[in-house]
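J.: just coords:
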């Protein structure tokens, strides 16, 4: 089954404790991206990657890091989480050259105390 | 820069009634437009898209949207809604399929 898998789905952590949210897709997609969803703000793009070792900032990259060492994986790293990073995070992928359809994971709800 | 405005945060409607969810965007360049749907506790799914050609686009489940360049709008409509259409709907634009800009979402609540 074609899918985008995120882990963990739920996490409660404390300020300053480094964490990584993993994202993996099995569709051989070149493009992957991360979003955060906040009430009243919709989805905002954090980072995207057009292919292995190629990443670029979205609209809200501050406080996040990403890496793309393998085509299927695109982890989101919070080096020192803060309460304003409490949010619902989505990973998405698409085939390069495809006409824009993004395939989304089921989301990771992160709470930073 | 691009921005997307969905003025209606919630739209309550009775089953079998028509509905319109509004989306306006601003952009200094040409953009491609999308509507995504999010069911509870799920990720977003593509509903329909406008890339070029006919300004009226349709989905397989009866939704349609019309691109109006002069009004910079891409409103979503359905002539008769079902309970199963209850979800949150997001309008999105992209100038290049790499950076995507989403609206704040409209929660459609279909009542029996």
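T.: Received, thanks. Note that this is a predicted model, so its numbers are computed, not measured.

J.: CA only for contacts and neighbour counts going forward, please
T.: OK.

J.: center of chain B - which residue?
T.: residue B:35 (3.7 Å; C-alpha atoms, centre = their mean).

J.: Which strand or helix spans that one?
T.: Assigned by DSSP states H and E, residue B:35 belongs to strand B:32-38.

J.: What's the mean pLDDT across that strand?
T.: Taken as a whole, strand B:32-38 has an average pLDDT of 95.

J.: which residues touch that strand?
T.: B:44-52, B:74, B:76, B:87-96 (C-alpha atoms under 8 Å, 6 or more residues apart in numbering or on different chains).

J.: packing partners for the following helix or strand past that strand?
T.: Using DSSP H and E, the next helix or strand after strand B:32-38 towards the C-terminus is strand B:44-50. On a contact count with 3 or more C-alpha pairs under 8 Å, 6 or more residues apart in numbering or on different chains; DSSP states H and E, strand B:44-50 meets strand A:103-104, strand B:32-38, strand B:56-58, strand B:64-68.

J.: closest to residue A:4 out of those?
T.: strand A:103-104 (6.2 Å; C-alpha to C-alpha).

J.: do that closest one and chain B meet at all?
T.: Yes - counting by C-alpha under 8 Å from any C-alpha of the partner chain, chain B has neighbours in strand A:103-104: A:103-104.

J.: Note down every partner strand of that strand and its orientation.
T.: Partners of strand A:103-104 in the sheet, by DSSP bridges, are strand A:87-94 (antiparallel).

J.: And the partner strand, what's buried?
T.: For strand A:87-94, burial by neighbour count (16 or more other C-alpha atoms under 10 Å in any protein chain shown) applies to A:87-94.
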